[in-house]
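A.B. asks: Okay, here's the prediction I keep looking at, along with the sequence it came from:
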Amino acid sequence: MSVLRQPPSSTRSVPRLLPLTLTNPSMVAQHTPCTMHLSILPPELACKLFYTMLDLSQSWKRNKWWLFDRLVESPHRTSFYARKTDGVGSSNSWQEAAQYWYNGRQTDPPEVFPDVMEEACVYVENMVNEEIQKRHRLPLEWAGRGSEGQIWRANVAASNCYEGTKDSVGFHSDHLTYLGPYPTIASLSLGTTRIFRLREVVPSEEIHSRTAQTFNIPLPHNSLVIMHASTQEKFKHSIPPQSTLDLYRPLFPHHSRLEYPSEPSNCRINITFRFYRPDFKPPSIPRCNCGVPTILRPDMKNRHDGQTDKYWWTCCAGAQKEGKGCSFWRVMDMKAEGRGPTISDVGSNER
């Protein structure tokens with residue numbers, strides 16, 4: 001007696017790619033749109049900034065938001081800082097205007113950069129601008145200049161504290177609401193080494209020919225990862241929990257307790273320096289039917305060549321309204337919304 005069997009599938013399965021650990025700057029640059037820079041700050045400055053932010057982190061909060069029908073809490077502490085000016089003009093009204101929204105709620109007025117963060121930011125800005133000058137610029141990148149002629153100027157910083165092995169953040173790409181398309185974000189790591197995980201979002205037209213690659217990048221104390229233009233459009237990133245970690249042992253004692261020896265720490269402080277573009281100021285952000293500013297997202301699964309990629313404004317009010325938002329959705333139109341100047345506006349001289 002013959003047995004009926006299902007015919008073999010005509011579609012060939014795509015093999016999964018194993019995670020790849022990128023242990024040095026050359027590997028990071030080879031496999032991702034990021035660059036990695038070790039010992040970015042003078043050692044004593046890096047240690048002083050770590051202590052300062054660790055002390056401040058005791059009052060930082062864990063963000064809360066609604067995900068579908070339940071309230072969730074971020075598994076790490078975070079805070080937000082803004083510079084005295086926006087880095088483009090010299091007006092100090094920037095602080096008054098910096099009333100941003102996060103996950104559907106208006107944030108508290110941001111703290112000003114502490115002096116030691118200002119000092120460190122000079123090193124970060126110099127490295128970012130040096131790297132940008134080596135790269136091909138994408139059409140929708142900001143083409144303006146900072147108040148001192150820089151291509152990129154940090155005017156805000158999101159700061160995070162990951163304490164112990166379990167503090168983490170899941171896969172996400174950063175909201176582009178105030179960053180605009182193709183942002184550059186500089187992520188400074190201080191304290192204990194943690195894994196920074198990147199995973200590409202494979203475009204819909206390629207899912208039958210390849211799978212996503214995951215990259216693990218160990219980030220030691222005093223290292224800088226620059227997420228260059230297209231990182232937020234192509235990749236999601238996370239800080240996963242770890243089963244073990246190596247304690248950070250500072251080279252210098254705390255600047256306010258010089259008579260005591262330094263103590264080991266299980267904390268990683270992460271400062272992500274960002275440039276909030278003047279053409280994406282809060283008053284220019286469309287509001288949804290809930291009356292709340294929308295968020296800007298890239299169309300990650302239908303991206304193309306950096307020339308014709310699309311972005312859309314969408315409601316995020318549900319993050320603070322028990323998961324109940326509206327159906328607002330609109331494609332961003334740079335020219336109709338009066339945004340720019342961009343690289344495509346000024347031509348090839350800036351590329």
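C.D. replies: Now that the structure is in, tell me what you want to look at. Since the structure is predicted, the reported quantities are computational estimates derived from the model, not experimental observations. Numbering: from 1, shown residues only.
A.B. asks: Tell me where the stretch 201-350 of the chain has strands.
C.D. replies: Using DSSP state E, counting those that start in this stretch, the strands of the stretch 201-350 of the chain run over residues 214-219, 223-227, 235-239, 267-274, 295-298, 311-314, 329-331.
A.B. asks: hmm, who's touching stretch 140-150?
C.D. replies: Judged by Cβ atoms under 8 Å, 6 or more residues apart in numbering, the contacts made with stretch 140-150 from elsewhere in the structure are 85, 87-90, 125, 129, 137, 151-153, 180-182, 229, 275, 277-279, 309, 334, 340-346, 350. C-beta coordinates here come from the backbone N, C-alpha and C atoms, glycine included.
A.B. asks: switch the cut-off to 7 Å
C.D. replies: By Cβ atoms under 7 Å, 6 or more residues apart in numbering, the list of residues contacting stretch 140-150 from outside reads 87-90, 125, 129, 151, 153, 180-182, 229, 277, 334, 341-346, 350.
A.B. asks: sorry, back to before: could I get the strands of the stretch 201-350 of the chain as a markdown table with distance to P203?
C.D. replies: As requested, the strands of the stretch 201-350 of the chain are exported to a markdown table (distance: least, Cβ to Cβ, whole Å):
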| stretch | distance to P203 |
| --- | --- |
| strand 214-219 | 17 |
| strand 223-227 | 19 |
| strand 235-239 | 12 |
| strand 267-274 | 26 |
| strand 295-298 | 12 |
| strand 311-314 | 15 |
| strand 329-331 | 18 |
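A.B. asks: C161 is nearest to which of these?
C.D. replies: Each of these was checked against C161 via Cβ to Cβ, and the shortest separation belongs to strand 267-274, namely 5.9 Å.
A.B. asks: Need the three-state assignment for the spatially most central residue of the chain.
C.D. replies: The centroid of the chain falls nearest to D174 when counting by Cα atoms, centre = their mean (5.0 Å). At D174 the chain is in coil, as set by DSSP: H, G, I helix; E, B strand; the rest coil.
A.B. asks: Just to check, it is in contact with Q232?
C.D. replies: Yes - checked against Cβ atoms under 7 Å, the pair D174 and Q232 is within contact range at 5.4 Å.
A.B. asks: Identify the contacts common to these two.
C.D. replies: Where contact means Cβ under 7 Å, 6+ apart, no residue is in contact with each of D174 and Q232.
A.B. asks: check contacts around the residue nearest to the centre of the chain.
C.D. replies: D174 makes contacts with 185, 232, as judged by Cβ under 7 Å, 6+ apart.
A.B. asks: tell me what the longest helix along the chain is packed against?
C.D. replies: Of all the elements of type helix in the chain, the one with the most residues (DSSP state H) is helix 115-132. Helix 115-132 is packed against helix 43-56, strand 185-191, strand 223-227, with contacts defined by 3 or more Cβ pairs under 7 Å, 6 or more residues apart in numbering; DSSP states H and E.
A.B. asks: Tell me the buried residues in it?
C.D. replies: 116-117, 120-121, 123-125, 127-129, 131-132 (16 or more other Cβ atoms under 10 Å).
A.B. asks: And stretch 181-199, how far out from the chain middle?
C.D. replies: Here stretch 181-199 is found 7 Å from its chain centre; the criterion is Cα atoms, centre = their mean, to the nearest Å.
A.B. asks: what bridges to H37?
C.D. replies: L224 (DSSP bridges).
A.B. asks: can you pull the contacts of it?
C.D. replies: Neighbours of H37 in contact, by Cβ under 7 Å, 6+ apart: 25, 127, 223-224.
A.B. asks: again with R274
C.D. replies: Contacts here follow Cβ under 7 Å, 6+ apart; on that basis R274 touches 154, 156-157, 179, 183, 185.
A.B. asks: okay, and for the stretch 1-150 of the chain, where does confidence drop off?
C.D. replies: 1-12, 65-69, 90-108 (pLDDT under 70).
A.B. asks: Which residue ranges of it form helices?
C.D. replies: 25-31, 43-56, 94-97, 115-132 (DSSP state H, counting those that start in this stretch).
A.B. asks: now the ones you listed in CSV, with distance to R70?
C.D. replies: Formatted as CSV, the entries for the helices of the stretch 1-150 of the chain read as follows, by distance: least, Cβ to Cβ, whole Å:
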stretch, distance to R70
helix 25-31, 36
helix 43-56, 30
helix 94-97, 34
helix 115-132, 35
